[in-house]
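[1] A predicted structure for the sequence below; I have some questions about it.
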Amino acid sequence: MKYENLARIIALQPEYYSDYQEGQLMTLDHDASFAGGENEEAFRPENNLGGQVVFSIMNAVEAHKVDYSNKEEVDKLDAIKGEDEYIVKKGTHFKIDWAEPEDQEGKGFIFVELISLSEEEYQEELADGAEISEGLL
């Protein structure tokens, strides 16, 4: 099923903020947890490095909504009820639509807006010369 308004926050040293450039492509190398709706402020899957990057997917993306009534699934994912968690699968492609180049306001994080791409769209972007981002997702 496809979902909109998903966000993910990761911790990352600020010197790596420049790894995110508009027009670059990214592909998930693992299943990744995203928060739904307006929960991005409370959802912090990683938070031990110093700075943060807030990824927002700007269009609908294929994902699995965590079923909090399924104890086995919750235990496997280490999910916490109330986070409105979605799992976006390994191999999902994105294009960076917009990225803050640095934390100019000293807020401790930057925003990166992503557009989900189909395999065909991803291959077209590559053929048109798009670069692969060095950043983590």
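    Arrived safely. Keep in mind it's a predicted model, so treat the numbers as computed, not measured.

[2] Tally up the residues packed near V61, please.
    22 (other Cβ atoms under 10 Å). C-beta: built from backbone N, CA, C; applies to glycine.

[3] which ones are touching it?
    Each residue near V61 by Cβ atoms under 8 Å, 6 or more residues apart in numbering is listed here: 2-4, 6, 88, 92, 116.

[4] go again using 10 Å as the cut-off
    By Cβ atoms under 10 Å, 6 or more residues apart in numbering, the residues touching V61 are 2-6, 34, 86, 88-89, 92-94, 114-117.

[5] what's the answer for S18, then?
    Per Cβ under 10 Å, 6+ apart, neighbours of S18: 99, 101-102, 110, 134-135.

[6] Backbone dihedrals for the residue nearest to G23 when sequence neighbours are not counted, both of them.
    In this structure, G23 finds its nearest non-sequential neighbour in A130, 6.1 Å apart by Cβ to Cβ, 6 or more residues apart in numbering. Here the main-chain torsion angles of A130 (degrees, to the nearest 10) amount to phi -60, psi 140.

[7] quick one: A130 from T27, how far?
    Note on A130: its distance to T27, by Cβ to Cβ, to the nearest Å, is 12 Å.

[8] And Y86, by the same measure?
    18 Å.

[9] quick one: contacts for the closest residue to E85 other than its chain neighbours?
    Using Cβ to Cβ, 6+ apart and skipping residues adjacent in sequence, the residue nearest E85 is V66, 4.3 Å away. With contacts defined as Cβ under 10 Å, 6+ apart, V66 is in contact with 33, 36, 73-74, 77, 79-81, 83-87.

[10] which of the residues you listed count as buried?
    Taking 16 or more other Cβ atoms under 10 Å as the criterion, what is buried in those is 33, 36, 74, 77, 79, 83-87.

[11] Q52: neighbouring residues, count only.
    20.

[12] To clarify, my last question referred to W98.
    14.

[13] Mean pLDDT per helix and strand in this structure: which one sits at the bottom?
    Across the helices and strands of the chain, mean pLDDT, DSSP states H and E gives its lowest value to helix 71-77, namely a mean of 84.
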